[in-house]
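> need a 3D model of the following:
(chains A and B)
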Protein chains: 2
Amino acid sequence: MRKDNLVGGQWCATSNESKIETPLGTFVDANSEQISQAVAAAVAASDRYASSLLTARQALLQYMVEELEKDKLEIVEAYQSESQLPEGRAMGEFGRTLAQIQQFIKLLETGEFLQASLTTNVEGTPDLRKIMHPLGPVVVFGASNFPLAFSTAGGDTVSALAAGCPVIVKAHPYHPETSRRVATAVQRAVLRTDFPPGIFSHLNGVSHTVGTALVNHPGTQAVGFTGSFKAGKALMNLAHNRPTPIPVFAEMGSVNPVVIFESKLLDKELPQALADSIALGCGQFCTNPGLIFLLGNKTDQTTFISSLSSALLDKEKAAMVHPNIEKHYLKSLKELEAKPLDLHRGVQTALGVISAQDFLKDLSLEEEVFGPYSLVVQCENLTELQTILTQIKGQLTLSIHAAAEDNPQVKTLLPYAVAKAGRVLFSGVPTGVAVNASMQHGGPYPASSDSRFTAVGDAAIMRWLRPICYQDCPEELLPPALQESNPLEITRTVNGKLITAK
Amino acid sequence: MRKDNLVGGQWCATSNESKIETPLGTFVDANSEQISQAVAAAVAASDRYASSLLTARQALLQYMVEELEKDKLEIVEAYQSESQLPEGRAMGEFGRTLAQIQQFIKLLETGEFLQASLTTNVEGTPDLRKIMHPLGPVVVFGASNFPLAFSTAGGDTVSALAAGCPVIVKAHPYHPETSRRVATAVQRAVLRTDFPPGIFSHLNGVSHTVGTALVNHPGTQAVGFTGSFKAGKALMNLAHNRPTPIPVFAEMGSVNPVVIFESKLLDKELPQALADSIALGCGQFCTNPGLIFLLGNKTDQTTFISSLSSALLDKEKAAMVHPNIEKHYLKSLKELEAKPLDLHRGVQTALGVISAQDFLKDLSLEEEVFGPYSLVVQCENLTELQTILTQIKGQLTLSIHAAAEDNPQVKTLLPYAVAKAGRVLFSGVPTGVAVNASMQHGGPYPASSDSRFTAVGDAAIMRWLRPICYQDCPEELLPPALQESNPLEITRTVNGKLITAK
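As a prediction, this is how the structure comes out:
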């Protein structure tokens, strides 16, 4: 029997009726015993891993980069086979995955994320020293649309490991072999450290049973998820209804509204840029622009729609991540045909056109159609657009295309944009999410479950930490980050004053 | 008709059958129209208040201090009348309330909490500028046990106003006149500014209807609460089940375990210090030590219990915040009499004693008994204590009393303490919560609804903020905190490097 599930450092054979067969093999779901063992191993590893030095975690992440590099060809091969995505995308996402790991290696340098704060030698106040402490075992759900960058060794896993939390990955059944190969590399990285192997487990789960059991397990302390609203909301409910509720960070996608002012309707490059963004990765990015608002005179709007439509409908057919996703996409388009909108269809891409008034009559049209589709909404004026923006759901991004002379009007629009989105872009397309300290990838519900956090960028680590305050703690019992001499040489706040690391 | 509810700057007369009559008057619940108007006024004020300069918010908070000072006598008089608490406590809490406001005035100085981060002029990356942005209208529930410091102008209200969020206070029905007087002072402070009066409303609600309607209102963006588990959990459920869930920060109390090593059992001062902490404020603080674990030989344990018991039972009867609380306290003690524990009772204070084995058999004994009661659990050894600590609920604090020679053992205990509490204290009592940058007041559920945040100290402001990233935003449209020249002179991160304000 093939050893399918990585449980606390051991690949285990599994007997379970729930499994999937793919051209690359059969993948048997973890059984309930293995789920328990994986969480128990993570719980057992928690304290030791939580108290590990940042340099030791940096080493682990560095080993992950090295081990993934070693298996690059095999991983990219499985990726292409399972997702049907082209080599360019596979290589790009592989590179992005390593770059994310490297970003967290760098983040661990200054220890700023620990938010160490000392209040010491202050008359009338005890000695107080606060630090961010890892929550404990984190369950990460692999994402269907990012077999690498938001799956097994993706942003959630890496930010949790950097935070000091053990991780149990629930592999996405659309790319089980890619996930298994990545897990093998991660396991080798773990074995090169002194950390208990329980800090990383990897379980198959084509059935919801596995994910449900993981989220419900009392040892699980937090959940990371990227995917559909339906699945994300189900996880939020599970987590809320536990005897001890736990935080779920679910990034549930968005239609990423784009607003185009009259001054940009005849822009030579915009239609092509937007069409490229809509069709990028076959429209399967969470930042895919799915809703486009036009302002200004009807003639220019018509010209814009015609340019966008021809640029978009010219796109050739591309593979979607999984046949099920494609089936669902085609079904959604079919349903749209019954709606009161103009539906332009290419071989695969599609563009809907509707008036703002009709859109307001049927807000279900704002729902994400996962794939290379976008809906153009023709607005009479800014007030109408503002009305719509107060009514639509929370979004990851909102983009504005306007000329400098529009700035006074843009200013009145901005509060509506900020109220609905986590990232507001100017003169750009929302796809392409930079991984750095200034990124926000998360927005008001239902774009994400908690808009106070981000899934991408340095601050993604904050999802997995909580503050602990030590009061009058003997020096030798303090974590090194809080000791008087600052042995880790990290950035700290001392008596309210920020003192940066060298 | 008396004007009972402050709705968007206007004190309004209310007709509603739901009301309470107290010696200080009749307080009529806000009706559904007033609830809607209050939230609508807060929503309408949100953008303008969110974009206000930090100095303008500082001025508002300063006016609050001044206006509260003016009404000090009337406020303290109502406080004493409604709570029956002594003048010393009333004055102390009044001072603490002003000190908290001043702490937030100071916090707004450096703007560090905005976490402004600029990634600019970096090859291959758009210009990204991130800042923490206020969530919008926050509903604050007045706390029964802190008529001032965690009610109308208390920590939740002040941190939300400092964050840039309008606040709607639901007054606690145990001290409606205190709350009304404070609200009057806050309203005058608001009127001294240019801010829309909708940033502060104050509604009576003896019935749950008012709180429920406020939390369910689509305009409400977050909730702050201090009180019982039952009420906090009900709010968490309401917030989770909204069409658009919102964050609730509920601080739901705790029994604040205290661990005493053998070396401290014969300490001359500890029994008195603990008894004082248990009886402080008649045991009605969220950090009241309600569970005491003893380690070491039985003889010394017996001596300690006898000293603690006599120190505690010597305490005179004191007023509780409200007759209902006293009734509930006495009922709980009655129920304890039927349990297999030694119950020592004074005129009002009480001490239970039980073996660790018996405690493990009935973990319901860990439930908070709100009042001057504590339970001593006699442990055979450290392992037994560790077993208990893995099984009890999350706590606000955990205190350890040990000598320097115990440090190796304390070290093995520490992970258990950190796993269960937000603040770990050494050689001290948990009551007395300093308000500064290093405080953590919040712990694993059910001590609070989200252990990643604090209800006390500078970081309390982070509960009401979410990041917004501006991408390639024209300079004149950027919030001042993100503009190139740093006109607000705040602490910012530029290309990953922290640059502190002068």
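> interface residues of the stretch 251-400 of chain A facing chain B?
A:K393, A:G394 (Cβ under 8 Å from any Cβ of the partner chain). In short, each C-beta sits where N, CA and C put it, glycine included.
> leaving aside the residues next to it on the chain, what's closest to the residue of the stretch 251-400 of chain A found nearest chain B?
Here the stretch 251-400 of chain A gets closest to chain B at one residue, A:G394, 7.4 Å apart by Cβ to the nearest Cβ. Using Cβ to Cβ, 6 or more residues apart in numbering or on different chains and skipping residues adjacent in sequence, the residue nearest A:G394 is A:P444, 2.8 Å away.
> wait, a strand at that neighbour?
No - with DSSP: H, G, I helix; E, B strand; the rest coil as the criterion, A:P444 is coil rather than part of a strand.
> what mean pLDDT does stretch A:348-365 have?
For stretch A:348-365, the mean per-residue pLDDT is 97.
> what residues of that stretch count as buried?
Judged by neighbour count (16 or more other Cβ atoms under 10 Å in any protein chain shown), stretch A:348-365 contains these buried residues: A:Q348, A:T349, A:A350, A:L351, A:G352, A:V353, A:I354, A:S355, A:A356, A:F359, A:L365.
> for A:V7, give me phi and psi.
phi -120, psi 110 (degrees, to the nearest 10).
> A:A38 is in contact with that one, correct?
Yes - counting by Cβ atoms under 8 Å, A:V7 touches A:A38, with 4.8 Å between them.
> which residues do the two both contact?
The contact sets of A:V7 and A:A38 overlap at A:A30, A:S201, A:L203 (Cβ atoms under 8 Å, 6 or more residues apart in numbering or on different chains).
> was I right to think the last one contacts A:Q34?
Spelled out, it's A:L203. Yes - using Cβ under 8 Å, A:L203 is in contact with A:Q34, at 6.6 Å.
> now do the helices in the stretch 251-400 of chain A.
A:270-279, A:298-313, A:323-337, A:356-361, A:382-391 (DSSP state H, counting those that start in this stretch).
> who's in contact with the longest helix seen in chain A?
Counting residues, the longest helix found in chain A (DSSP state H) is helix A:87-110. Residues outside helix A:87-110 that contact it (Cβ under 8 Å, 6+ apart): A:54-55, A:57-58, A:61-62, A:64-65, A:68-69, A:72, A:75-76, A:79-80, A:83, A:113, A:146-149, A:153-155, A:158-159, A:161-162, A:281, A:435-436, A:457-458, A:461, A:490-491, A:500-501, B:496, B:498.
> buried stuff in stretch A:291-309?
Those would be A:291-296, A:300-301, A:304-305, A:307-309, for stretch A:291-309 by 16+ other Cβ under 10 Å.
> dump those residues into JSON lines; add pLDDT as well.
Output for the buried residues of stretch A:291-309, formatted as JSON lines (pLDDT from 0 to 100):
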{"residue": "A:L291", "pLDDT": "98"}
{"residue": "A:I292", "pLDDT": "98"}
{"residue": "A:F293", "pLDDT": "98"}
{"residue": "A:L294", "pLDDT": "98"}
{"residue": "A:L295", "pLDDT": "98"}
{"residue": "A:G296", "pLDDT": "97"}
{"residue": "A:D300", "pLDDT": "98"}
{"residue": "A:Q301", "pLDDT": "98"}
{"residue": "A:F304", "pLDDT": "98"}
{"residue": "A:I305", "pLDDT": "98"}
{"residue": "A:S307", "pLDDT": "98"}
{"residue": "A:L308", "pLDDT": "98"}
{"residue": "A:S309", "pLDDT": "97"}
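> among these, which two are most distant?
Greatest spatial distance among the buried residues of stretch A:291-309 (Cβ to Cβ): A:L291 and A:D300, at 19.3 Å.
> hang on, the earlier thing: let me know the closest of the shared contacts of A:V7 and A:A38 to chain B.
Nearest to chain B among these is A:S201, at 20.0 Å by Cβ to the nearest Cβ.
> name the helices or strands packed onto the host helix or strand of that closest one?
Under the criterion of DSSP states H and E, A:S201 resides in strand A:200-203. Packing partners of strand A:200-203 (3 or more Cβ pairs under 8 Å, 6 or more residues apart in numbering or on different chains; DSSP states H and E): strand A:3-7, helix A:32-50, strand A:167-170, helix A:176-191.
> winner for burial among the ones you listed?
strand A:167-170 (a mean of 28; mean count of other Cβ atoms under 10 Å in any protein chain shown).
> sorry, back to before: can you tell me the average pLDDT over the longest helix of chain A?
In this model, helix A:87-110 has a mean pLDDT of 95.
> try stretch A:313-330
Stretch A:313-330 shows a mean pLDDT of 93.
> what's the end-to-end length of that stretch?
15 Å (Cα to Cα, to the nearest Å).
> please apply the same query to stretch A:419-437.
First-to-last residue span, stretch A:419-437, Cα to Cα: 22 Å.
> buried set for that stretch?
A:419-431, A:433-437.
> now do the shared contacts for A:L203 and A:Q34.
Residues touching both A:L203 and A:Q34 (Cβ under 8 Å, 6+ apart) are A:N5, A:V7.
> so which bits of the stretch 1-150 of chain A are right by chain B?
With Cβ under 8 Å from any Cβ as the criterion, the stretch 1-150 of chain A meets chain B at residues A:47, A:50-51, A:106, A:110, A:112, A:115, A:117-119, A:122, A:125-126, A:128-130, A:133, A:135-136.
> give me the buried entries from the residues you listed.
A:47, A:50-51, A:110, A:112, A:115, A:117-119, A:125-126, A:128-130, A:133, A:135-136.
> so where's chain A uncertain?
By pLDDT under 70, the weakly predicted segments of chain A are A:1, A:502.
> which of the buried residues of stretch A:348-365 sit farthest apart?
For the buried residues of stretch A:348-365, the farthest-apart pair by Cβ to Cβ is A:Q348 and A:A356; their separation is 27.4 Å.
> A:Q115 and A:P467 touch, don't they?
Yes - using Cβ under 8 Å, A:Q115 is in contact with A:P467, at 7.2 Å.
> list residues touching both of the two?
Common contact partners of A:Q115 and A:P467 (Cβ under 8 Å, 6+ apart): A:K130, A:I131, A:M132, B:A459.
> pull the number of nearby residues for the third one.
Which is A:M132. 23 (other Cβ atoms under 10 Å in any protein chain shown).
> show me what it is bridged to.
Per DSSP bridges, the residues bridged to A:M132 are A:P467.
> thought A:G111 was touching it, still the case?
No - between A:M132 and A:G111 there is no contact under Cβ under 8 Å: 9.7 Å.
> quick revisit: contacting residues for the residue of the stretch 251-400 of chain A closest to chain B?
So A:G394 contacts A:S254, A:K420, A:A421, A:G443, A:P444, A:Y445, A:P446, A:A447, A:S448, A:S451, B:T244 (Cβ under 8 Å, 6+ apart).
> same question, A:Q395
A:Q395 touches A:S254, A:V255, A:N256, A:P257, A:K420, A:A421, A:G422, A:G443, A:P444, A:A447, counting by Cβ under 8 Å, 6+ apart.
> now A:L482
A:A116, A:L118, A:R129, A:I131, A:Y470, A:C473.
> one more time with 7 Å, if that's ok
By Cβ atoms under 7 Å, 6 or more residues apart in numbering or on different chains, the contact list for A:L482 reads A:A116, A:L118, A:R129, A:I131, A:Y470.
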